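Asker: Quick one, fold the following:
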Amino acid sequence: MQALLPEGWAPPVGYANGIAVDAGRIVFIAGQVGWDAQQRFHSSEIAPQFDQALQNVLAVLAEAGGAPQHICRITAFCCDKPAYLAARRELGGIWRRHMGTHYPAMSMIFVSDLLDSPGRIELEATAVVPAA
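Answerer: Below you'll find the model as predicted:
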């Protein structure tokens, strides 16, 4: 896996502009919200929901034999931009706890609402697990 940074571009902070992968098993992970395995939310706050949603992404990936470093792309959908911006430092700590310094290609999209209430953030991912 190779992070792509065109010549002359400033390095991005907390994400990659693009990721190139030569081969492997492609895993598409549906949008995961901040609920537990029994679909119960334990918090209405953005940071605990982000933590749980990221854990859910990683649990699905593990089921395919993957690990955090195999994630190539994450798209985040958030319905509370002020709360997201206020929690960025805490979210960064959660990210590093689960993902270390691996930063895939990422997009953050602010939306008016999510399907699963009281969800405030949803993460979907694409990973490439190396061939055995």
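Asker: which sections of the protein are below the confidence cut-off?
Answerer: Along the chain, segments meeting pLDDT under 70 are nowhere present.
Asker: For burial, what's the neighbour tally of the nearest residue to residue 81 once chain neighbours are set aside?
Answerer: Closest residue in space to residue 81, ignoring its immediate chain neighbours: residue 110 at 4.8 Å, by C-beta to C-beta, 6 or more residues apart in numbering. Quick note: C-beta positions are derived from backbone N, CA and C, even for glycine. Applying other C-beta atoms under 10 Å, we find 11 residues neighbouring residue 110.
Asker: try residue 40
Answerer: Quick note: residue 40 (other C-beta under 10 Å) scores 7 neighbours.
Asker: any idea how far it lies from residue 65?
Answerer: Separation of residue 40 from residue 65 (C-beta to C-beta, to the nearest Å): 27 Å.
Asker: these two touch, right, residue 21 and residue 1?
Answerer: Yes: judged on C-beta atoms under 8 Å, residue 21 makes contact with residue 1 at a distance of 5.2 Å.
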